[in-house]
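> how does the following fold in three dimensions:
(chains A, B, C and D)
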Number of protein chains: 2
Amino acid sequence: MPHYLFVMFTLSEENYLKAIFHLEAISGKGISTNAIARKLDTKASSVTDMIKKLAEKKVLVYKKYQGVSLTDSGRQIAIGVIRKHRLWEVFLVEKLNFSWDEVHDVAEQLEHIKSPKLINELDAFLGFPKMDPHGDPIPDKNGNFHKIEKKLLSTLEENQSGVCVGVNDSSSEFLKYLDRYDISLGKKIQVISKEPFDGSITILINKKEMSISQKISNNIYIQS
Amino acid sequence: MPHYLFVMFTLSEENYLKAIFHLEAISGKGISTNAIARKLDTKASSVTDMIKKLAEKKVLVYKKYQGVSLTDSGRQIAIGVIRKHRLWEVFLVEKLNFSWDEVHDVAEQLEHIKSPKLINELDAFLGFPKMDPHGDPIPDKNGNFHKIEKKLLSTLEENQSGVCVGVNDSSSEFLKYLDRYDISLGKKIQVISKEPFDGSITILINKKEMSISQKISNNIYIQS
DNA sequence: ATAAATTTTTAGACAAGACTAAAAATATTT
DNA sequence: AAATATTTTTAGTCTTGTCTAAAAATTTAT
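Below is the predicted model of the structure:
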């Protein structure tokens, strides 16, 4: 087996790799020092130090003043951390009665536990889930993401329906709103009518009709 | 609520408190610097540094050259870590197909996850187990240990029987021996005959008879 | 195209937690 | 009760990951 598989990464290093992975997913290549600092709530100078170290470990490519991009092995490590994070979130919600807005902090800790057996057994125990409680895809053991065709609830036409598979905004406030109205993953939602004036829509969920604003429907993902 | 409940402890500090707790359980009060260093596989000078810090945080009492002993709050923290360690071990063995000798390293990591809700929900999910896979008692939410009357298998007379509730020796070799002969927690064991010459005994387990040496029977705990 | 603003890097410092080597205190022998 | 051995502490160093302040590079504006 190639040697690099045995290089260990610290908690901090893993967090940097994960942050850079997420930033690349949004803004393409060449992630800036400042963007990483903002994401990790740290200082740009600390980021410079860390990316130099990570570049030496060959998990990212770095040229002074040019930002960074992950190498394949860096990406695999980031995906591994994300896999752990999301599997633990499923565990917390499905087995330990956590609500959507309570899982994140604990999953941030659990994602750094090092044991391949642990995570693969957990995966099996949970029935190989394809997405986490926020609807984000869970990469499989080999780091492959299962593509989900999801669209925003706001894009549905009248009388169309689908299943809630995720959220766009993961803020605590929004998740609490969803809890309050019992909108959760897997719930069937049908659009009854759309109001052109303010973009609000009336939906059928939990056998009851309710009206939601465009801001809400723009933050809920639906799979038809 | 009193302020000291919110003092946070690092991974290292927690490991020191746990080690000292275990040492106090064996050798009473006044745990020596060297004993701690041996237990944690570190140097005596490092221990001195750390116990000074812990004494400042009021979790142990330290006088130069006199060793240390835990305060009540230090003991509570140690018990909390032990509770987490043992509950995770139960989870790993019962839900994730870990064997006795595989759990320790992973539980050493999991025991430092900080979330009261996590551990109390895990406790409930596992059905409030009273002991871990090695037969050691799991303290409850308030830090109280449930006393178990356990005796060594070697102390049973002919025709007496009991349930396996733990082991004395937790070495990997011994646990593998137990796995090989399918001797595990909760198994009923009946003593068929005892051999005075070498102390070996014949037992009935898993509906089969087998002979085990005194060394083995001295390392298995039984509850009648 | 030069000035101003922003971003990034460097230099130096600090806290946590560990280490080595040597000094100080305590224990054990003789 | 000295002498010797052991344990414990101190002093100083190192690494990791962070920080501040200032210098260097790049980008934006005039």
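> from here on, contacts and neighbour counts on C-alpha atoms
Fine.
> so which residue is dead centre in chain A?
With distances taken as Cα atoms, centre = their mean, A:D136 lies nearest the centre of chain A, 4.9 Å away.
> which residues are in contact with it?
Going by Cα atoms under 8 Å, 6 or more residues apart in numbering or on different chains, A:D136 touches A:R86, A:G166.
> rerun at 7 Å
For A:D136, the contact set (Cα atoms under 7 Å, 6 or more residues apart in numbering or on different chains) comprises A:G166.
> where's it relative to DNA strand C, distance?
28 Å (Cα to the nearest atom of the strand, to the nearest Å).
> quick one: buried residues of stretch A:97-116?
Residues A:97-104, A:106-114 are the ones in stretch A:97-116 that count as buried (16 or more other Cα atoms under 10 Å in any protein chain shown).
> quick one: stretch A:47-61 near DNA strand C?
Yes: counting by Cα under 7 Å from any atom of the strand, DNA strand C is contacted by stretch A:47-61 at A:V47, A:T48, A:D49.
> give me the mean pLDDT for stretch A:26-43.
Average pLDDT, stretch A:26-43: 93.
> pull the CA atoms of it into CSV?
Extracted in CSV, the C-alpha atoms of stretch A:26-43 (Å, rounded to 0.1, in the frame of the first residue of the first chain):
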residue,chain,number,x,y,z
ILE,A,26,-18.9,26.8,-4.3
SER,A,27,-16.3,29.0,-5.9
GLY,A,28,-14.1,26.7,-8.0
LYS,A,29,-10.3,26.6,-7.7
GLY,A,30,-7.9,28.9,-6.0
ILE,A,31,-9.3,29.4,-2.5
SER,A,32,-8.1,32.6,-0.9
THR,A,33,-6.4,32.8,2.5
ASN,A,34,-9.1,35.2,3.6
ALA,A,35,-11.9,33.0,2.6
ILE,A,36,-10.5,30.2,4.7
ALA,A,37,-9.9,32.5,7.6
ARG,A,38,-13.5,33.7,7.5
LYS,A,39,-14.8,30.1,7.2
LEU,A,40,-12.8,28.9,10.2
ASP,A,41,-13.1,32.1,12.2
THR,A,42,-9.4,32.5,12.5
LYS,A,43,-6.7,35.0,11.2
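> so where is chain A shaky, pLDDT-wise?
A:1-6, A:148 (pLDDT under 70).
> next SSE after the helix ranked longest in it?
Counting by DSSP state H, the longest helix found in chain A is helix A:72-95. Later in the chain than helix A:72-95, the nearest helix or strand by DSSP states H and E is helix A:103-110.
> run through who's touching that next one.
Here helix A:103-110 has contacts from A:H85, A:W88, A:E89, A:L92, B:I113, B:S115, using Cα under 7 Å, 6+ apart.
> from those residues, pick the one nearest A:N168.
A:E89 (16.6 Å; Cα to Cα).
> how close does that closest one sit to B:V93?
A:E89 sits 21 Å away from B:V93, going by Cα to Cα, to the nearest Å.
> pick out whichever of the two has more residues nearby.
A:E89 (29 against 17; other Cα atoms under 10 Å in any protein chain shown).
> got the residues of chain A near chain B?
A:L96, A:V106, A:Q109, A:I113, A:S115, A:E121, A:L122, A:F125 (Cα under 7 Å from any Cα of the partner chain).
> which pair of those spans the longest distance?
It's A:L96 and A:S115 that sit farthest apart of the residues of chain A next to chain B, by Cα to Cα, at 21.0 Å.
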